[in-house]
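Chemist: Provided below for reference: sequence and predicted model.
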Amino acid sequence: MSRLVKIALWAGGILVGLVVAGVAALAVMARMVEPPTQLGVRDGRLADCPGTPNCVATQASDQRFALPPLPYSGDTAAARASLLEVLGNQPRMTLLSEEPTYVHVLFRSPTMGYPDDVEFFFDEANRLIHFRAAARMGQSDMGVNRARMEQISSELAAVLR
């Protein structure tokens, strides 16, 4: 084996080791990253999206991140129970907070465990369920939050009819 081939193999081994270490570091960071401080309802609104393509919200000021709220009729407690039932069927979901007009859940990606915060706010005056879904880390989520919220919205709309 030539010296050049040995150097190339050694460098390749170093590169693979660095990639593995980087991936492991990201997986650990995904488990340790704290939730953003701006979560929750303030003045009847969930926080706006940060301007990165890893967030969708019904109250988004930028239409690129907007999705429609979900109308409901009748009792807010019944609508919340329906939401919790739909959420309970979702993979890798953890309920973090449940209040009469607010629900906060955490979703994790299947491989690396990247965290996504999803909040729901029951606007009782207008009989609407507002939501916000955002990744805790990174810039892009490759459309995961949008797809998730469209699917949850569809399932919940069918239950609330």
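Modeler: Perfect, I can see it now. Numbers count the residues shown, from 1 in each chain.
Chemist: Just the pLDDT for the residue nearest the centre of the chain.
Modeler: Ranked by distance to the mean C-alpha position of the chain (CA atoms, centre = their mean), the top residue is Asp116 at 2.9 Å. As predicted, Asp116 sits at a pLDDT of 95.
Chemist: The nearest residue to it once chain neighbours are set aside: neighbour count?
Modeler: Once flanking residues are discounted, Asp116 sits nearest to Phe107: 4.5 Å by CB to CB, 6 or more residues apart in numbering. (C-beta placed from N, C-alpha, C; glycine too.) By the other CB atoms under 10 Å criterion, the neighbourhood of Phe107 contains 20 residues.
Chemist: again with Gln38
Modeler: 12.
Chemist: Repeat that for Val118.
Modeler: Val118, neighbours per other CB under 10 Å, totals 22.
Chemist: so who does Arg146 touch?
Modeler: By CB atoms under 8 Å, 6 or more residues apart in numbering, the contact set of Arg146 is Val56, Leu67, Ala133.
Chemist: Show the average pLDDT along the helix or strand that Arg148 is a member of.
Modeler: Secondary structure assignment for Arg148, by DSSP states H and E: helix 144-160. Averaged over helix 144-160, pLDDT sits at 96.
Chemist: Buried ones in it, by neighbour count?
Modeler: Buried residues in helix 144-160, counted by 16 or more other CB atoms under 10 Å: Val144, Asn145, Arg146, Arg148, Met149, Ile152, Ser153, Glu155, Leu156, Leu160.
Chemist: Having no further points to raise, I will conclude here.
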